[in-house]
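Asker: Generate a structure from the sequence data that follows.
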Amino acid sequence: MKARTKLLWRSVALTLAYAGIGLSTSYLAQGLSLSFPFWPAAGLAIAIVLAHGYRYLPAIALGSVLVDGVLSDWHLPLALTLAAGSTLQIALAAWCGRRISGVTPALRHPKEILPFLIVMGPVCSLLGSSVGAYAQYFFGEITASQIPFSAFTWWAGDVLGIIVFTPATLMFLPTMQYQWQGRRAKVLFPSLLLMIMAAIAYDQIYAFETQRIRLELQECAQNMAHQFEKNLTRHTEALQGVESFILSSETVTASEFRTFTRHSLERLPGLSALSWNPFVLDAERQAFETQQRLDPLIPDDFQITERLPNGELIPAQKRPSYVVVQFIEPFNEKHRIVQGFDIQSDPQRAAAVINSMETGQAYATEPLTLLQDTNGQRSILVLLPVNSQGESVRGFAVGVYRLDNLLAEVFSVGTCAQQQNLRVALLYTTESGQTLNLDQLDPPNPTAHRKADLGEIATTETEPITVPIRYWGRTWQLQIQPTEALIWAKKSYTPQLVLTIALILLLFNESFLLLVTAEELAERRQAVINSYQASHDPLTDLLNRRAFFATLEQARSEANSGLANHVLLFCDLDHFKPVNDTVGHNAGDVLLRDIAHLLAQQVRAEDQVARVGGDEFALLLRNCTLENGLAIAEAIVSVLKNYTFTWQQEIFQITISIGLILLTSESAPLPSVDDLMAQADQACYRAKRSGRNQVCVG
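Answerer: Numbering: from 1, shown residues only. Predicted coordinates:
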């Protein structure tokens, strides 16, 4: 029960860690405007499963569902599919890693390092990236043409996360402490630094690519604006043609006006209508209306009209003058109601009349709804004043434009090679500062059935590009917005090439660091082993003679300086030779190891015990008085006195003789180490001569 509870809490922690790292990575990249793909959660998950088993896969799957759910706005079928692909990839990578390096990979050997990183990174990541890209396509997140790019980006992010963060996670797992000791900083920091440098380089290239595409689109927008202006010039020329026709004629009939305007209306599809609107004084109103009724193409009920707020046309109220629609072509049922309308009766049209008269140039009204339009379509009127030289304005040549027709006329063929993948909008800022979208021309929607099809507008990578156009006394804005298809068509493979190079560099950098640190650790451990072997007796594992003499030299210097008093014991086993002679040297070796163990048990942690000869031992009791030294020596004698050695049913009684000398500043200067050992040896010899199994002070 306790084990299950522990597994449950660890699983919860792993789920939260996976989800937290994944979401943090995504939001951090968005906040910093980073496009560099990097998914450290993959490396974390693989390391955990590799070290602790497949029982943690459900926790990783749940964490992946949380991440993919949030990032996909909780599109659960997509999130579950993506999580399944990621979990399968992690399981496969962990299985491969165990086959290559076992369940506790320390990554120390050249034969395992590169295969470990390549198989778990570039190879196994193909599974998750393939499932991810095709799942996005199936659920309508990307188009078929975007699958390779999406799969590559997904794959690269997983590979980078695995080759950097799988070793990094293994380094800090409690079960891996010993294998990775001394290697963590030397592997992790250079890898992170190189990855940061790669991310900066990739983002610079990506930003350059984005800027290049935008500059191309800006050039395209300028060309389109230029073509739009050229087309408006053609329309102005049509109005000037009407002006010339009126000025060159004494009188004009509806039939003559129809004949003259037919060519302009045919060659300019964006021109909805042309009209002639003369100035009529109030004194001339009755005669003007009577004369118009005599024209066979003008209705018998012709009169000058104005419009009420509810849209009803009534006879115009009495005013000093009128600007009347006398002729309008093409003349049809829709335009019949316009004939006779006094455009001065409408404030918007009246403002254009005044501005046109003041400037003497063609002037456009603000966007308005025509009398003949019942669907609310916005249009403009362009008024060109017509006046004889030295005379007042006789009237206005008027062009009627429905803005959708005007845009379609200019951009149906297109100025850019990729015109069919641009949305073109005509914007206008009113005098009150409000920006109106007068009309827009959308790209054709191909047969694609997904929401990210070729006709979808790209709203994330490239902002709309707006070019101002000053014409007909108004400032318009031509705005273009590229589609996803256009953005993809303009992209180059440079960022992907840089990312591939970064992957290769990071892969070999990680392999190199793992190999170098492994060799360095092996050399360091071998040096420790060599040093230990050089200073210790191989039989008893005590200090050897040379190491003990070095230790004794240091103690001698301390005693000479008055820093401390030490006690030197020289020990010689009694009755050791009969053991070798009777039961052999193997038994003697076992006996020596037993004695070494007994001696080590009788001294303090700071004391040193050494084997300095065949059956001779030396002890250095640090910071020890003569009384304490004698007590320890007597304890050793007592222990050995009670010790019995048995070998092959042979029983041997072993004792020890000890010579003791005090290393103190009162005897300074102390003799050399060799002389000190000789003094202790002589004291031991006196103990033997005195009957063995005792201590003598030298």
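
Asker: Can you give me the domain boundaries for the protein?
Answerer: The record's domain parsing of the chain by automatic domain parsing lists 2-166, 249-403, 417-490, 545-697.

Asker: ranking the ones you listed by mean pLDDT, which is last?
Answerer: For the domains of the chain, the weakest mean pLDDT is recorded on domain 417-490, namely a mean of 68.

Asker: So which residues of the stretch 551-698 of the chain form strands?
Answerer: For the stretch 551-698 of the chain, the strands defined by DSSP state E, counting those that start in this stretch cover 566-574, 608-611, 616-621, 644-647, 650-653, 655-663, 695-697.

Asker: picking up where we left off before, dump the domains of the chain into JSON lines; add mean neighbour count as well.
Answerer: Bear in mind the C-beta positions are built from the backbone N, C-alpha and C, glycine included. Output for the domains of the chain, formatted as JSON lines (neighbours: other C-beta atoms under 10 Å):
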{"stretch": "domain 2-166", "mean neighbour count": "19"}
{"stretch": "domain 249-403", "mean neighbour count": "17"}
{"stretch": "domain 417-490", "mean neighbour count": "17"}
{"stretch": "domain 545-697", "mean neighbour count": "17"}
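
Asker: Identify whichever of these lies nearest to residue 202.
Answerer: Ranking the domains of the chain by distance to residue 202, with C-beta to C-beta as the measure, places domain 2-166 first at 4.7 Å.

Asker: quick one: which of the strands of the stretch 551-698 of the chain is nearest residue 395?
Answerer: The closest of these to residue 395 is strand 608-611. By C-beta to C-beta, the value is 122.6 Å.

Asker: Who are the packing partners of the closest one?
Answerer: Where contact means 3 or more C-beta pairs under 8 Å, 6 or more residues apart in numbering; DSSP states H and E, strand 608-611 is packed against helix 545-560, helix 585-602, strand 616-621.

Asker: Quick one: closest of these to residue 567.
Answerer: With C-beta to C-beta, the closest approach to residue 567 among these belongs to strand 616-621: 4.1 Å.

Asker: tell me the angle of the closest one relative to strand 566-574?
Answerer: 160 degrees (axes from the mean of the first three to the mean of the last three C-alpha atoms, to 10 degrees).

Asker: contacting residues around strand 616-621?
Answerer: 542, 548, 551-552, 555, 566-573, 595-596, 599, 603-604, 607-612, 628-629, 632, 677, 680 (C-beta atoms under 8 Å, 6 or more residues apart in numbering).

Asker: hmm, back to that, could the helices and strands packed on strand 608-611 go into CSV alongside distance to residue 432?
Answerer: Formatted as CSV, the helices and strands packed on strand 608-611 follow (distance: least, C-beta to C-beta, whole Å):
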stretch, distance to residue 432
helix 545-560, 95
helix 585-602, 99
strand 616-621, 100
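
Asker: Quick one: closest of those to residue 303.
Answerer: helix 545-560 (128.1 Å).

Asker: Mind giving me the packing neighbours of that closest one?
Answerer: Using 3+ C-beta pairs under 8 Å, 6+ apart: helix 545-560 touches helix 494-535, strand 566-574, strand 608-611, strand 616-621, strand 655-663, helix 673-689.

Asker: out of these, which comes closest to residue 225?
Answerer: Closest to residue 225 of those is helix 494-535 (C-beta to C-beta; 29.7 Å).

Asker: now the angle between helix 545-560 and that closest one, please.
Answerer: Going by the same axes, to 10 degrees, helix 494-535 makes 80 degrees with helix 545-560.

Asker: So which elements touch helix 494-535?
Answerer: Helix 494-535 packs on helix 110-118, helix 147-172, helix 184-247, helix 545-560, going by 3+ C-beta pairs under 8 Å, 6+ apart.

Asker: surely residue 536 meets residue 547?
Answerer: Yes - with contacts counted by C-beta atoms under 8 Å, residue 536 reaches residue 547, the gap being 7.0 Å.

Asker: To which secondary structure element is residue 276 assigned?
Answerer: Using DSSP states H and E, residue 276 sits in strand 273-281.

Asker: Which SSE is immediately downstream of that strand?
Answerer: helix 285-293.

Asker: Quick check: next helix or strand after that next one?
Answerer: Where DSSP H and E defines the elements, the next helix or strand beyond helix 285-293 is strand 305-307.

Asker: Need the residues that contact that following strand.
Answerer: Against strand 305-307 from outside (C-beta under 8 Å, 6+ apart): 313, 314, 315, 316, 317, 340, 341, 342, 345, 346, 371.

Asker: switch to 10 Å and redo it
Answerer: Taking contacts as C-beta atoms under 10 Å, 6 or more residues apart in numbering, the residues outside strand 305-307 that touch it are 312-317, 319, 322, 324-325, 337-346, 371.

Asker: Return the subset of the residues you listed lying in strands.
Answerer: Counting by DSSP state E, the contacts of strand 305-307 place 313, 314, 315, 322 in strands.
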